[in-house]
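Peer 1: what follows is a predicted protein model with its sequence.
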Amino acid sequence: MPITKLSFFHFLLDSLGTNWVLGAGHSIHSLLEYEEQTGKMVKDLLDEYIVDAEGNTGTLAAIILEETSHSVWVNNLALTKAGITDAVKNEKGAVYMRNNATNELNGILLENAGNMIMEKVKVSSVFSLILHFLDAVPGEGRGKL
């Protein structure tokens, strides 16, 4: 399945007053397939798709909640703004996925790693992000789960 800009996620610009791009709905499996097929890291893919009002890439930090809420997908600027570097270690249920060849972070954060970055963006919990996202999508409110 080719990956297109909106084939597996929806996003909201300037979500919740954070000045970050927040969204939800992608499949971690699609991201892992993309990496396997292309050899490119998914944090770079997200950078390509998130553009500012002038059409520039790399100027907006983005965090996208995976469809099962067990991981988030972030771009390079999100990692930088959160102070997360390749030196970060997995701890306390926080898993930072990496490129197998280079050991560089690939932009997928599992479980508590996702929760910790969302706290830095002032999104208090995964649940909060899901509810804000559902409330913002016309015809897809909480009662439609």
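Peer 2: Okay, I see it.
Peer 1: next, count neighbours for residue 95.
Peer 2: Neighbour count of residue 95, defined by other Cβ atoms under 10 Å: 16. No exception for glycine: its C-beta is placed from N, CA and C like everyone else's.
Peer 1: just list whatever residues bridge to the closest residue to it other than its chain neighbours.
Peer 2: Distances taken as Cβ to Cβ, 6 or more residues apart in numbering place residue 110 nearest to residue 95, at 3.8 Å, with adjacent residues excluded. Bridge pairing for residue 110 (DSSP bridges) gives the partners residue 71, residue 95.
Peer 1: quick check: residue 110 touching residue 98?
Peer 2: No. At 11.3 Å, residue 110 does not count as touching residue 98 under the criterion of Cβ atoms under 8 Å.
Peer 1: list phi and psi for the closest residue to residue 40 other than its chain neighbours.
Peer 2: Distance criterion Cβ to Cβ, 6+ apart; nearest residue to residue 40, sequence neighbours excluded, is residue 34 at 7.3 Å. Main-chain dihedrals, residue 34, degrees, to the nearest 10: phi -60, psi -50.
Peer 1: and residue 34, how far is that from residue 49?
Peer 2: Note on residue 34: its distance to residue 49, by Cβ to Cβ, to the nearest Å, is 12 Å.
Peer 1: then residue 110?
Peer 2: Applying Cβ to Cβ to residue 110 and residue 49 gives a distance of 21 Å.
Peer 1: and residue 106, by the same measure?
Peer 2: Relative to residue 49, and taking Cβ to Cβ, residue 106 is found at 16 Å.
Peer 1: which of those two has more neighbours?
Peer 2: residue 106 (23 against 17).
Peer 1: can you pull the contacts of that one?
Peer 2: Contact analysis of residue 106 by Cβ atoms under 8 Å, 6 or more residues apart in numbering lists 35, 41-43, 97-99.
Peer 1: let me know the pLDDT of the residue nearest to it when sequence neighbours are not counted.
Peer 2: Leaving aside its chain neighbours, residue 106 sits nearest to residue 41 (4.4 Å; criterion: Cβ to Cβ, 6+ apart). Predicted confidence (pLDDT) for residue 41: 91.
Peer 1: residue 83 now?
Peer 2: 93.
Peer 1: gap between the closest residue in space to it that isn't next to it in sequence and residue 51?
Peer 2: Residue nearest to residue 83 in three dimensions, not counting chain neighbours: residue 120, with 7.9 Å by Cβ to Cβ, 6+ apart. Distance, residue 120 to residue 51, by Cβ to Cβ: 23 Å.
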